[in-house]
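J.: Generate coordinates for the sequence data below:
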Amino acid sequence: MLAAFIAAGCIGQDDVRDEPSATATASALATPTLEPSLTAVPTATAARTEAPTAAPTPTPTEPEPSAEASPSGDAGSSDVCTGNDSNREFYANVAAAFAWPVYCPVLPARWSVISGRYRSAGGGWMEIAYKGPGGAQFELHEGAFCDAADGCVPPGSDAGTTAFGDLSGTLVAADDGRYAVVVDRGAARSWLAIGSGLDVEQFKAFAADLALVE
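T.: Residues are numbered from 1 along each chain as shown. Reported below is the predicted structural model:
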């Protein structure tokens with residue numbers, strides 16, 4: 001099975017044999033993808049327990065990131081996901097690889113992918129980040145991406161509940177000015193969205209519009 005990452009608006013793929021790292025669960029894939037860094041955006045605070053596999057980093061092709069609003073598509077289709085065709089294929093691949101629900105953002109025009117990756121380790125996880133006007137950013141972490149009790153949520157105060165697509169999550173006003181919404185915090189699989197450079201209503205709208213990819 002294929003795994004994929006997105007860098008500067010595209011998802012590259014590389015078949016690399018997985019070395020056991022951390023406790024693999026039922027949905028482990030035969031071949032993991034590489035794990036390019038997401039340091040371009042603030043990410044969850046807790047460190048991952050598995051060590052990345054040592055593998056050469058390929059040079060991905062880099063088409064221009066999409067600056068268009070996401071196209072409309074059938075409910076459950078990756079066609080609604082923000083980005084270019086490679087970005088939407090990334091979501092389709094993740095949804096096909098794992099049994100847990102996969103969500104993608106449906107953002108306004110002028111938003112594009114910074115980077116993304118997924119892996120089968122520990123039950124499977126996905127991370128992807130977007131940039132928008134004025135330096136705003138929006139990122140998603142889904143699946144078994146965190147094994148910490150705090151759910152890898154940025155430190156801050158709980159601010160009630162809000163939607164994460166068709167799920168209900170806890171809204172967090174982070175101490176550094178970001179906002180987050182987390183579903184099933186601290187569970188084996190959870191869902192986390194983090195926004196920076198957005199006011200709370202913008203962030204809540206982006207989180208509520210997350211689309212389920214089937």
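
J.: So for Glu68, what pLDDT did the model give?
T.: At Glu68, the model reports a pLDDT of 33.

J.: correction: Ala24
T.: Reading off the model, Ala24 has pLDDT 37.

J.: same thing with Gly9?
T.: Gly9 is given a pLDDT of 43.

J.: How about Ala121?
T.: 84.

J.: and after the helix ranked longest in the chain, which helix or strand comes next?
T.: Secondary structure of the chain per DSSP state H: the longest helix is helix 85-97. Downstream of helix 85-97, the first helix or strand assigned by DSSP states H and E is strand 102-104.

J.: what is the rounded mean pLDDT of that following strand?
T.: So the average pLDDT for strand 102-104 ends up being 98.

J.: In the helix or strand encompassing Gly169, which residues are buried?
T.: According to DSSP H and E, Gly169 maps onto strand 167-174. Residues 169-174 are the ones in strand 167-174 that count as buried (16 or more other CB atoms under 10 Å). (Glycine included, C-beta is placed from N, CA and C.)

J.: Report the separation between Tyr103 and Leu210.
T.: According to CB to CB, to the nearest Å, Tyr103 and Leu210 sit 4 Å apart.

J.: quick one: common contacting residues for those two?
T.: 140, 164-165 (CB atoms under 8 Å, 6 or more residues apart in numbering).

J.: could these be laid out in a markdown table, adding pLDDT and secondary structure?
T.: Listed next are these as a markdown table, based on pLDDT from 0 to 100; DSSP: H, G, I helix; E, B strand; the rest coil:
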| residue | pLDDT | secondary structure |
| --- | --- | --- |
| Leu140 | 98 | strand |
| Phe164 | 98 | strand |
| Gly165 | 97 | coil |
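
J.: ranking those by neighbours, who comes first?
T.: Greatest neighbour count in the shared contacts of Tyr103 and Leu210, by other CB atoms under 10 Å, goes to Phe164: 24 neighbours.

J.: Identify the bridge partners of that residue.
T.: Note on Phe164: beta-bridge partners by DSSP bridges are Leu167.

J.: Lovely, talk soon.
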